[in-house]
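**Q** what would the 3D arrangement of this be:
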Amino acid sequence: MIASATGAWAQASSAGTFPATPADTARSVPIPRATPPQGDFPGGAASPTTAIPRNLPVVPFVDLSVRQPQSGREVAFSLQLLLLLTVLSLAPSLIILVTSFLRVSIVLDFVKRALALQQVPPSQVLMGIALFLTVFIMWPTFDEVYTQAVKPLADGQIGIEEAYRAAEKPFRLFMYSQMRSDPENIRLFMSMRGLPKPNSLADVPTYVLVPSFILSELTIAFKIGILLYIPFIIIDMVVASVLMSMGMIMLPPVMISTPFKLILFVLVDGWNLMARQLIESFMRTSS
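**A** Numbers count the residues shown, from 1 in each chain. Okay, here's the model as predicted:
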């Protein structure tokens, strides 16, 4: 049998044909390619090269190349964009200086110092309270700015310069209303610039109105702070006198006076009273 098989193999070798082995048979069977189903790709695509969904939003291309301007209009647009970015970078400072935030934040800090509290409430909490009180006080002004400047600009009804003028007017009215009873700071800056005495708000430039408003707010805030300090100073003096009369010199008066300050502040509902007086101080001058 072995001899016959060997002879058959030799005969096939001489003829150039070999019998198919099981391994050769397995290799000759075509292997089916794994193709994704039609539902896996949008639009019925079955090729892996088109596996990106067609309904994804197109990312816009931003060109940051530097080139020569084609017209003067492009130069003007670039300058307007630069001015807008500058204003946005200065927006936090503008919000602090031309709104009620300056007075409110200083008064809240005076309250914290008058109560002899170092960490309570935290500074972030006080700034948050000042921010939301500012939003409440300035809401009519913000609403007027949105109605007269932001919305028309977004709708394409006015340009950037007109929007700036429209947004400037409500803030000028607010700042001027806070200094109407005491315009001494306006006179000071007008005289320093050699400008004539103003008869109305239209005669006061913005670069004069803003520093005048800042000084006025600082003065008012410090006056309120002095009034807040008076009752707490009296408590400190009484406690110190009692401790001295009892011979307790080594005991710090602050340890005894601080609880009494807190008790007084809570009994008179200090936070509510202070917030109400601050808000009414702006409303009285605005009316």
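
**Q** and the longest helix along the chain, what does it pack onto?
**A** Longest helix in the chain, counting residues (DSSP state H): helix 206-245. Applying 3 or more CB pairs under 8 Å, 6 or more residues apart in numbering; DSSP states H and E, we find helix 206-245 packed against helix 91-97, helix 101-114, helix 160-178, helix 184-192, helix 253-267, helix 270-286. Using the backbone N, CA and C atoms, a C-beta is placed for each residue, glycine as well.

**Q** model confidence over it, on average?
**A** If you average the pLDDT over helix 206-245, you get 88.

**Q** ok now that helix, how far from the chain's centre?
**A** When distances are taken as CA atoms, centre = their mean, to the nearest Å, helix 206-245 is centred 30 Å away from the chain's centroid.

**Q** now do it and helix 270-286, the angle between them.
**A** 150 degrees (axes from the mean of the first three to the mean of the last three CA atoms, to 10 degrees).

**Q** list the buried residues for helix 206-245?
**A** 208-210, 212-214, 216-217, 220-221, 224-225, 228, 232, 235-236, 239, 243 (16 or more other CB atoms under 10 Å).

**Q** stretch 151-164 too?
**A** Pro152, Leu153, Ile158, Ala163, Tyr164.

**Q** will you turn these into TSV that also has pLDDT and distance to Leu126?
**A** Listed next are those as TSV, based on pLDDT from 0 to 100; distance: CB to CB, whole Å:
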residue	pLDDT	distance to Leu126
Pro152	84	37
Leu153	81	34
Ile158	81	38
Ala163	83	34
Tyr164	82	32
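
**Q** ok, those vs Leu79, which is closest?
**A** Closest approach to Leu79 among the buried residues of stretch 151-164 (CB to CB): Tyr164, at 13.7 Å.

**Q** nearest residue to that closest one other than its sequence neighbours?
**A** Leaving aside its chain neighbours, Tyr164 sits nearest to Ala149 (7.6 Å; criterion: CB to CB, 6 or more residues apart in numbering).

**Q** correct me, but Phe189 touches Ile214?
**A** No - if you go by CB atoms under 8 Å, Phe189 and Ile214 don't touch, sitting 10.5 Å apart.

**Q** okay, and the common contacts of those two?
**A** Counting by CB atoms under 8 Å, 6 or more residues apart in numbering, Phe189 and Ile214 have no common neighbour.

**Q** now stretch 175-185: buried residues?
**A** Residues of stretch 175-185 classed as buried: Met175, Tyr176, Gln178, Met179, Pro183, Asn185 (neighbour count, 16+ other CB under 10 Å).

**Q** which helices and strands sit right next to the host helix or strand of Lys151?
**A** Element membership for Lys151, per DSSP states H and E: helix 151-154. The contact analysis (3+ CB pairs under 8 Å, 6+ apart) places helix 151-154 against helix 160-178.

**Q** contacts for the helix it packs on, please.
**A** 80, 84, 98-99, 138, 141, 144-145, 148-150, 152-153, 158, 201, 204, 206, 209-210, 212-213, 216-217, 282, 285-286.

**Q** same deal with stretch 228-238?
**A** For stretch 228-238, contacts defined as CB under 8 Å, 6+ apart pick out 107, 110-111, 114-116, 253-254, 257, 260-261, 264, 274.
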